[in-house]
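Chemist: When you get a sec, could you give me coordinates for this:
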Amino acid sequence: MTQNYKDIIKPKLTERRYIHSLCVADEAVKLAEKYGCDKEKAYTAGILHDIIKDTPKEEMLKMFDDFGIILTGVEKQAPKLWHAILGSEYIKRVLKINDDEIISAVRYHTTAKAGMTLLEKVIYLADFTSADRDYNGVDDMRQFVMQDLNLAMQEALKFSVIDLAEQGKAIHPDTLNAYNEVFMNK
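Modeler: The predicted structure follows:
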C-alpha cells in the first residue's frame, strides 16, 4: 500500500513537496518507533499529509464547495491552512481511508489542537522537523523532539504562535487551544 500512496501523491505535488512528503513519512516512522505509535499509520499520515498542498487556489475553493466545507473567518484569511482541511476530506472521500486517527492527523498537522492523540503529535512534529526542513531553529526542534514529545510540542507551538504574531497574522483557535493546553499541563 505504501508504494501506491507514493504513486498517488507524486503527480499531485511539485518535486520539492513530494520529497518533503517522503521526509515527513520517514520522520513520522522514526518518531512512532521512539514513542510507541503505530508505524504504519504514522507513515500513511506522513506520506499523505500534503496531498492537496500544491492544488491551485481556485480548485481548492471548488473542493470546499463540493465537500460542503464552510471555512471560519480565520481559515478564509489563511490559505496556508486549506490543504490540511481539504487533505483530510480528500483522503477520506477519494482515497477511501476510513481510519479516523489518520484523517485527523492530516487535518491537524498545520494548526494542532487541544487533546491531540499520539499519532497527531507525531505527524505535527514530523512535519516540523523532517530532514528537508531548514528554518532558523530547526536543529533545536530536532533535539527537543528526540528528547521529549511534550517538550517538543511546547516548543513547536510556541514557535508557531510567535512566528504568526510577528507576521501580524491571525492565529487559528485550534493552535491557541493546543498552546494553552500544553502550557497549562507543564
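
Chemist: Please name the residues that touch the closest residue to residue 108 other than its chain neighbours.
Modeler: Of all residues not flanking residue 108 in the chain, residue 120 sits nearest, at 5.5 Å (C-beta to C-beta, 6 or more residues apart in numbering). C-betas here are computed from N, CA, C, even on glycine. By C-beta atoms under 8 Å, 6 or more residues apart in numbering, the residues touching residue 120 are 101, 104, 105, 108, 109, 112, 113.

Chemist: so what pLDDT did residue 120 get?
Modeler: Residue 120 is assigned 98 on the pLDDT scale.

Chemist: do you know how far it is from residue 127?
Modeler: To residue 127, residue 120 is 11 Å away according to C-beta to C-beta, to the nearest Å.

Chemist: shared neighbours of the two, anything?
Modeler: Common contact partners of residue 120 and residue 127 (C-beta under 8 Å, 6+ apart): residue 109.

Chemist: The longest helix along the chain: which residues count as buried?
Modeler: For the chain, the longest helix by residue count, based on DSSP state H, is helix 15-35. Buried residues in helix 15-35, defined by neighbour count with 16 or more other C-beta atoms under 10 Å: 17-18, 20-32, 35.

Chemist: contacts for the helix or strand harbouring residue 5?
Modeler: Following DSSP states H and E, one finds residue 5 within helix 2-9. If you take C-beta under 8 Å, 6+ apart as the criterion, helix 2-9 is touched by 18, 21, 22, 43, 44, 47, 48, 50, 51, 95.

Chemist: tell me which of those is nearest to residue 174?
Modeler: residue 50 (18.1 Å; C-beta to C-beta).

Chemist: Please tell me I have it right and the closest one contacts residue 21.
Modeler: Yes: between residue 50 and residue 21 there is a contact under C-beta atoms under 8 Å: 5.4 Å.

Chemist: Spit out the residues that contact the two alike.
Modeler: 9, 13.

Chemist: can you tell me which of the contacts of residue 120 are in helices?
Modeler: Those of the contacts of residue 120 mapping onto helices are 101, 104, 105, per DSSP H.
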